[in-house]
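Peer 1: Sequence first, predicted coordinates after that:
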There are 2 protein chains.
Amino acid sequence: MTAGSDQSNSGARKRTIISVDAMGGDQGPPAVVSGIAKSAEKNPDIGFIVHGRASEIEPLIQKAGLAGRCEIRDMPEVVTMDAKPSIVMRNGKNTSMWSAVDAVKNGEAGAVVSCGNTGALMAVSMLRLRKIPGVDRPAIACLWPSRNKGGFNIMLDVGADIRADEKDLLQYALMGGSYARNGLDIKRPRIGLLNVGTEEHKGRAEIKAAHDLIAQAAPAAELDFVGFVEGGDIPSNRVDVIVTDGFTGNVALKTGEGTASLIRELLREAFNATPLSKFAALLALGSLKRLTKRIDPRRVNGGVFLGLNGTVVKSHGSADATGVSSAIKLAFRLAESGFTERLAARVASSGIAVQDDASVTNKNEQNA
Amino acid sequence: MTAGSDQSNSGARKRTIISVDAMGGDQGPPAVVSGIAKSAEKNPDIGFIVHGRASEIEPLIQKAGLAGRCEIRDMPEVVTMDAKPSIVMRNGKNTSMWSAVDAVKNGEAGAVVSCGNTGALMAVSMLRLRKIPGVDRPAIACLWPSRNKGGFNIMLDVGADIRADEKDLLQYALMGGSYARNGLDIKRPRIGLLNVGTEEHKGRAEIKAAHDLIAQAAPAAELDFVGFVEGGDIPSNRVDVIVTDGFTGNVALKTGEGTASLIRELLREAFNATPLSKFAALLALGSLKRLTKRIDPRRVNGGVFLGLNGTVVKSHGSADATGVSSAIKLAFRLAESGFTERLAARVASSGIAVQDDASVTNKNEQNA
């Protein structure tokens, strides 16, 4: 792909450009710019377009010595964390978020990263980038620490839409499979459909219908469908991609994060309990640090919006420099792989497998 | 209450009788009888009626020296883990599960414990014990390790029924509050309604409607309604009771268990990584044991069926002696407190608060 590449720097280096909304997020521009600095230092192949109030971000960029790596787009307005998506869609033209998404739309950047309001980011992304033909509902996919060799599973939808019918769930399976292939380098992703029990007679009607649709479409899409999985399988090595509706996925994601955070706290308390345990913690420091890193939510930061004509990475609102840098790394990887085009091709070719159902085709055409 | 008490032993001791299905569960009668032995040793005030194949369980009970504490009911048939609930309802009269539930129905025991097939246990319990007047859908409530002083929160429904409308969710709030009061000794339980966001404009229609119903009923039911909570709040000290439908609750429960189990594994690996970390683990053994105990799923074993004329505790199918003993302890506590009667009274009196809605009253009358 050529979109979002930059050969203007002298020499042969060809940078992949990432568009960054510097204003969203709870920690504001300083955390975002620190994240950019971290990524810039680690990876010389990234260039940045940074969107936000120049009076705030320019001094930060200067101070971090990033002037040569960042182009600044001065945008006067900011989307607040509690802004209603519908209002932002109508009046958001002068916000940093809108401008950041438009850089992808215009082909100036290969992907966009924002820590801002999720609902507003999805609304602006849908409005500006539009859905890929064949996709009814875009989804948000997250990475989940797992027992798999690569260390992560993918789950979607984790909150783009609170409802999903069987055809949406099929599309999530195809899109999640494509993300696993391009984002995690898994040649033949294993797909599981989240349910309350693995017995055939359990579960909601749309989930049973989705089971049959995915089973039918999987071989042509080069996916292995493992059937129903339960909540306990999300971090397992039975699957690579877990498919569910956005309500259930969002609850599961936050439940997992909440559980991990409670255990981290209790672990800290345990090691602070006695002088002996404090000493033990000191001895085991290296091992404990590796463990903490493995389950650190900042390392798996970055929900990817799937189903749009362009790659959008939503960073946690509370992300610090490490979190922002992880999200940028993910955006870079997806931009490099030509992920958007590959996903579109996959959905288009799999559309053939289900196009004998006229209602799908019509619905897609209306929405495309 | 007098049901399930036993004064036949010489002396003044009045035992609370717990009915135990010895045949369900993955580990079979030996694990269940070991669990009974653990509980019998710790608590002299429990007597048992044990249901199952006498040829299998009698030798175990003799060997454990429990003959004086256990009455055996010889039942030839066993409900398998994959049995269909509808089949068990029709043909299950000679199973240990049926007999165990009937001991509560007949007033011989104060509560029943089974490790068997959840769907079948719910079906048999509904058939034999019947729903409390005013309850449409019984629910399964679980305990969740939390930051609260007592160490646990309650979540319901975690799998009795995959759907719940706003009136069901209201009933779950009332029943969960009653369970918190009687099971966890919380005078004024705080109730949260699980949703994907705390903003007013998010979530499904039935959840928004339930929000208003619970807010209206809470003061008369002596509950504090804290409004919407998210997955991350389940282990928090913001709430005591989390209300949700059985599909979402089951996914959340298993996701939490799966996450905790992954972290336990990684922790074990971390401490086995180097000789130094092994030594450190040895030093911190006491603290680590306390932590492990705190998040040990066997300690929070026991889903309670709420909304029936009798207390039913569902132990994990994979429960070992420690797990079975935890479930028996919970059953004992609820039997002692006269929980069933208190919950029925609470639902009945709260019925007044919503009876201006004729549809509720009619539906309840049909189902009672």
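Peer 2: Noted; the coordinates are in hand.

Peer 1: ok, which residues in the stretch 51-200 of chain A are in contact with chain B?
Peer 2: Contact residues (C-beta under 8 Å from any C-beta of the partner chain) of the stretch 51-200 of chain A with chain B: A:82, A:84, A:145, A:146, A:147, A:159, A:162, A:163, A:194, A:196, A:199. The C-beta positions use only the backbone N, C-alpha and C, and glycine is treated the same way.

Peer 1: Look at residue A:107 and report its pLDDT.
Peer 2: Looking at residue A:107, its pLDDT is 95.

Peer 1: List the ones among the residues of the stretch 51-200 of chain A next to chain B that fall in helices.
Peer 2: In helices, judged by DSSP state H, none of those are found.

Peer 1: Kindly indicate which of the residues you listed lies nearest chain B.
Peer 2: Chain B lies nearest to residue A:196 out of these, by C-beta to the nearest C-beta, at 4.4 Å.

Peer 1: quick revisit: what subset of the residues of the stretch 51-200 of chain A next to chain B is buried?
Peer 2: Neighbour-count burial (16 or more other C-beta atoms under 10 Å in any protein chain shown) applied to those gives A:145, A:146, A:159, A:162, A:194, A:196.

Peer 1: Could you export these as JSON lines, including pLDDT?
Peer 2: JSON lines is the format used below for those (pLDDT from 0 to 100):
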{"residue": "A:145", "pLDDT": "86"}
{"residue": "A:146", "pLDDT": "88"}
{"residue": "A:159", "pLDDT": "86"}
{"residue": "A:162", "pLDDT": "86"}
{"residue": "A:194", "pLDDT": "96"}
{"residue": "A:196", "pLDDT": "90"}
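
Peer 1: Which of those fall within strands?
Peer 2: Among these, the members falling in strands (DSSP state E) are A:145, A:194.

Peer 1: Kindly reformat the buried ones among the residues of the stretch 51-200 of chain A next to chain B as CSV containing distance to residue A:20.
Peer 2: Below are those laid out as CSV (distance: C-beta to C-beta, whole Å):
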residue, distance to residue A:20
A:145, 25
A:146, 28
A:159, 22
A:162, 29
A:194, 32
A:196, 40
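
Peer 1: Buried residues, the one helix or strand residue A:56 maps to. List them.
Peer 2: Here residue A:56, judged by DSSP states H and E, is contained in helix A:54-63. For helix A:54-63, the buried set under the neighbour-count rule, 16+ other C-beta under 10 Å, comprises A:54, A:56, A:57, A:58, A:60, A:61.

Peer 1: Likewise for stretch A:127-137?
Peer 2: Residues A:127, A:128, A:129, A:130, A:131, A:132, A:134, A:135, A:136, A:137 are the ones in stretch A:127-137 that count as buried (16+ other C-beta under 10 Å).

Peer 1: Closest to chain B out of those?
Peer 2: residue A:137 (15.1 Å).

Peer 1: Doesn't that closest one belong to a strand?
Peer 2: No. Looking at residue A:137 with DSSP: H, G, I helix; E, B strand; the rest coil, it is coil, so not inside a strand.

Peer 1: Provide a list of residues in contact with it.
Peer 2: A:157, A:160, A:161, A:164, A:168, A:171, A:307 (C-beta atoms under 8 Å, 6 or more residues apart in numbering or on different chains).

Peer 1: List buried residues within these.
Peer 2: A:157, A:160, A:161, A:164, A:168, A:171, A:307.

Peer 1: Among those, find me the one that's closest to residue A:24.
Peer 2: residue A:160 (17.0 Å; C-beta to C-beta).

Peer 1: returning to what we had before: pLDDT added to the contacts of residue A:137, as a markdown table?
Peer 2: Listed next are the contacts of residue A:137 as a markdown table, based on pLDDT from 0 to 100:
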| residue | pLDDT |
| --- | --- |
| A:157 | 94 |
| A:160 | 84 |
| A:161 | 85 |
| A:164 | 92 |
| A:168 | 94 |
| A:171 | 93 |
| A:307 | 94 |
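
Peer 1: That's all I had, so thanks and see you.
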